[in-house]
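Peer 1: I would like the atomic coordinates for the input below:
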Amino acid sequence: MIGQIEGRLIEKGPTQVMVDVNGVGYLLQIPLPVYETLGECGSNVRLYTVLFVREEKLELYGFASQQERQLFQLLVTIPGIGPRVALRILSGVSPAQLQEAILRQDTALLTRIPGIGKKLGDRLVTELKEQIARLPVEGAGVRAGSPEVVTDAIEALVILGYKKSQATACINAIAREWRGQRLTAEVLIKEALKRI
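Peer 2: Okay, here's the model as predicted:
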């Protein structure tokens, strides 16, 4: 499996890019937000990838973060959601908005994405709520580049005997409420112990 591509950006479009890795051009399908984060052609890029094998065709999908890739992989496990629909969802909302919408059961936000009706929005919430609750929320409360603070707090609660899903949901809720404030693992743990 190809998990990551790093090389020179040689073609760039809103839905696909080509990356030259040692003379081999890899064509990747991407969500729109990835296009907006990439530099100009000729610049060096790194994309996290998922490879799909369909009948006689290989398709490579690229993402700016591991979290985007993980959400894409969760989305395609739902019946009726293939890679193209998953890309459309990730083009319509940010990973943090998607996680929050699913956790809050906000199907109204999901149905604003073109091609996602009420029935599919309800299915997204029903089938992904438990799995999404276990994921750290990107940019929720801790400063960017500090996801280890959330992870450390969750691990500490697990060591104290709490279920990982319970600890993750509680820590993510605190991080969302305290968004933008500088949080340490100690502060998160103390606040979680008051709530669990």
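Peer 1: which helix or strand lies directly C-terminal to whichever helix in the chain runs longest?
Peer 2: Assignment by DSSP state H gives helix 118-133 as the longest helix of the chain. Once helix 118-133 ends, the next helix or strand along the chain (criterion: DSSP states H and E) is helix 147-159.
Peer 1: okay, buried residues for that following helix please.
Peer 2: Pro147, Val149, Val150, Asp152, Ala153, Ile154, Ala156, Leu157 (16 or more other C-beta atoms under 10 Å). Using the backbone N, CA and C atoms, a C-beta is placed for each residue, glycine as well.
Peer 1: Glu148 versus the closest residue to the fifth one other than its chain neighbours, what's the distance?
Peer 2: The shortest distance from Ala153 to any non-neighbouring residue, by C-beta to C-beta, 6 or more residues apart in numbering, is to Leu188 (3.8 Å). From Leu188 across to Glu148, the span is 12 Å (C-beta to C-beta, to the nearest Å).
Peer 1: for Gln97, same thing?
Peer 2: With distances taken as C-beta to C-beta, Gln97 is found 23 Å from Glu148.
Peer 1: then Ile30?
Peer 2: Counting by C-beta to C-beta - Ile30 and Glu148 are separated by 27 Å.
Peer 1: then Gln4?
Peer 2: Gln4 is 20 Å from Glu148, by C-beta to C-beta.
Peer 1: number of nearby residues for Gly42?
Peer 2: Using other C-beta atoms under 10 Å, Gly42 has 10 neighbouring residues.
Peer 1: hang on, the earlier thing: which residues are in contact with the longest helix of the chain?
Peer 2: 74-75, 77-78, 80-81, 89, 99, 101-103, 105, 107, 110-111, 116, 165, 168-169, 172 (C-beta atoms under 8 Å, 6 or more residues apart in numbering).
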